[in-house]
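Asks: here is my input; please provide its structure:
(one chain, ligands or ions: 2)
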Amino acid sequence: MRLILLGAPGAGKGTQARFICERYGIPQISTGDMLRAAVKEGSELGLKVKEIMTTGGLVSDDIIIALVKERIAQPDCANGFLFDGFPRTIPQADAMKDGGVKIDHVLEIAVDDEEIVSRMSGRRCHPASGRVYHIEHNPPQEDGKDDVTGEPLIQREDDCESTVRHRLSVYHEQTEPLVGYYKDWAAQGDDQAPRYHRVEGVGSVESITNQVLEALEGQA
Ligand code: AP5
Ligand code: ZN
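Replies: Ligands and ions are numbered 1, 2, ... in the order given. You can find the predicted model right below:
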């Protein structure tokens, strides 16, 4: 199973990715998590992308495409993978298409902007695993601590309201065109085209997981 989770910042891609990856035994490839790890390490890549990420802009296509190509060549991707936060621009999608990387499903998680702004202020993250929580809607078992490791949770630097609003405008401008890109490709009846699914991302985390699984397995 090779799939793309498409959706605005805060739509719940990381939250749903965790369940989907467990169910299908595939790795989650979150370009955001990979870049945040590079920033934390202080690597050359991290130094290059730090400021762009803090302000909510997009890292250049060249960097991202090289990062993803290297990642999907790893042995754990042989049976599939889930892209979370990639592709985010038409050139990134073209790089996969032109490179012959066949994707089975594109799954859009739709949530409107105001809901997203209110969600982000309550988000808490466990950076080492990529697990995400929400202080009200999806709380950890113990306040401020990761369920699995008990380590402290953090707030992301790009989760302040003004940066979230900027990330949303970048999403509408540069990433939302991918909805049409994949829908049009699927409509051409090309057997290389992924199937396109859209689920409403508002409701309990479990109800959205159920819709996601129904979409993926109903078409299996
Ligand atoms: P990235 O890490 O990909 O961030 P994003 O796309 O902005 O998405 P988020 O991680 O913010 O949200 P999510 O959809 O995963 O939501 P989550 O599940 O956490 O990218 C960060 C930065 O890296 C970018 O700005 C860019 O600079 C760079 N970058 C990354 N990829 C790139 C690329 N391909 N090209 C160029 N640059 C790139 O959920 C959000 C909150 O809501 C959580 O608190 C969660 O608990 C809660 N929640 C989840 N589901 C529900 C629900 N059903 N009801 C209520 N609350 C819920
Ligand atoms: Zn995420």
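
Asks: measure the residue in the chain that ligand 1 sits nearest to to A78 for me?
Replies: In the chain, the residue that lies nearest ligand 1 is G32 (1.8 Å; C-beta to the nearest ligand atom). All C-beta atoms are positioned from the backbone trio N, CA, C, and that covers glycine. G32 sits 24 Å away from A78, taking C-beta to C-beta, to the nearest Å as the criterion.

Asks: same deal with V106?
Replies: When C-beta to C-beta is applied, the distance between V106 and A78 equals 21 Å.

Asks: neighbour-wise, which of the two wins?
Replies: A count of neighbours by other C-beta atoms under 10 Å puts V106 above the other of V106 and A78, at 25 against 10.

Asks: that's a strand at the more buried one, yeah?
Replies: Yes - applying DSSP: H, G, I helix; E, B strand; the rest coil, one finds V106 inside a strand.

Asks: ok, now which ones touch it?
Replies: With contacts defined as C-beta atoms under 8 Å, 6 or more residues apart in numbering, V106 is in contact with 3-4, 6, 182, 194-197.

Asks: any chance of a ChimeraX selection covering the buried ones in those?
Replies: Buried members of the contacts of V106, defined by 16 or more other C-beta atoms under 10 Å, are picked up in ChimeraX with:
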select :3,4,6,182,194,195,196,197
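
Asks: list just the nearest of the contacts of V106 to I90.
Replies: Taking C-beta to C-beta as the measure, I90 sits nearest to Y182 out of the contacts of V106, at 10.7 Å.

Asks: my guess is that closest one meets H197, correct?
Replies: No - in this structure, Y182 sits apart from H197 without contact. The criterion is C-beta atoms under 8 Å, and the distance is 10.0 Å.

Asks: what about the closest residue to C21 other than its chain neighbours, how many residues nearby?
Replies: Nearest residue to C21 in three dimensions, chain neighbours excluded: Q28, at 4.7 Å (C-beta to C-beta, 6 or more residues apart in numbering). For Q28, the tally of surrounding residues (other C-beta under 10 Å) stands at 20.

Asks: now do the contacts for Q28.
Replies: Shown here is Q28, whose contacts under the criterion C-beta under 8 Å, 6+ apart are 14, 17-18, 21, 81-82, 84, 130.
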